[in-house]
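Engineer: Sequence plus the predicted model coming up.
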Amino acid sequence: PLLEETIGANFERTVARRKKDAKRRLEEAEEAQVRKPPPPLRLNVALSAAGAGGRMVVVRDLVVEERVSLPVLDIVAGEHLLITGPNGSGKSTLLGVISGRVKPTSGEVQVSARHVEELTQDPQFGDLRRRVSDVYLESVGELLATQVPLRDLGLVHPRDLNRPVGALSVGQRRRLDLAIAIATGPDLLLLDEPTNHISLTLAGELEEAIGITPGTIVVASHDRWLRRRWSGPEHRLVP
């Protein structure tokens, strides 16, 4: 009987030890497991709203001294126009003139768009200590921020909503700038080098979004990838 009791006790200790080891291995595996990645961001909205018909932009004999010279340019409502040209040819300046940010030296510029939004290469957000969500709210207004939540636009990751704008990368700031612009529903959207500082995935999504957008879009770019894939009209500036 003593031998049987000893064997039984040893068996019970062995089973208990194995159970304990199995539990420990399970806990370690659960702790070390690769967490399921968050769903990727995806831009899936139109970039601008449809406006009235006719010519949206009319440019005649435009001169901005030492920056751009353009005899004629007409942009029709709903048109998606690519502005190309080497560095220094005045692509950014032209967008600035159309948006009203840059004052021409001479010439005529008529813009009939109801609402114009320009995305520059270096977005300015003022106080960089403000949270991303607060910048969006203050930029678009409480009503639009409720109707078009920032997290639904597929441009800013939910984990970044409470970060200060100053902590964002250049690419993330451009995403926020684009989100603010498209939330306001412009009928004329001006994009300056939109593929700079963004992933190839977002660049492809941006291309798709441009394709389904009913509003007028003017893109200034010297990106070869974008130029090869562009299917709309193109206007080349010369220095």
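Structural biologist: Sure, I can see it.
Engineer: Find me the pLDDT at Glu66, would you?
Structural biologist: On pLDDT, Glu66 comes in at 92.
Engineer: For burial, what's the neighbour tally of it?
Structural biologist: Residues near Glu66, counting by other C-beta atoms under 10 Å, number 10. C-betas here are computed from N, CA, C, even on glycine.
Engineer: Would you verify that it is located in a helix?
Structural biologist: No - counting by DSSP: H, G, I helix; E, B strand; the rest coil, Glu66 falls outside a helix, being coil.
Engineer: phi, psi of it?
Structural biologist: phi 70, psi 10 (degrees, to the nearest 10).
Engineer: Show me the strands in the protein, by range?
Structural biologist: Applying DSSP state E to the chain gives strands spanning 55-64, 68-76, 80-84, 106-111, 116-119, 188-192, 216-220, 234-236.
Engineer: Arg174: which of these is closest?
Structural biologist: Closest of those to Arg174 is strand 116-119, at 7.2 Å (criterion: C-beta to C-beta).
Engineer: Could you save the strands of the chain as CSV and add columns showing distance to Leu161 and mean neighbour count?
Structural biologist: As requested, those are exported to CSV (distance: least, C-beta to C-beta, whole Å; neighbours: other C-beta atoms under 10 Å):
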stretch, distance to Leu161, mean neighbour count
strand 55-64, 34, 18
strand 68-76, 35, 17
strand 80-84, 31, 21
strand 106-111, 34, 14
strand 116-119, 20, 22
strand 188-192, 24, 26
strand 216-220, 27, 26
strand 234-236, 37, 14
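Engineer: Now render those as TSV, adding distance to Arg227.
Structural biologist: Compiled in TSV, the strands of the chain are given as follows (distance: least, C-beta to C-beta, whole Å):
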stretch	distance to Arg227
strand 55-64	21
strand 68-76	18
strand 80-84	6
strand 106-111	25
strand 116-119	18
strand 188-192	14
strand 216-220	10
strand 234-236	8
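Engineer: so where do the helices sit in this structure?
Structural biologist: Applying DSSP state H to the chain gives helices spanning 2-32, 91-99, 132-140, 142-147, 170-183, 200-212, 224-229.
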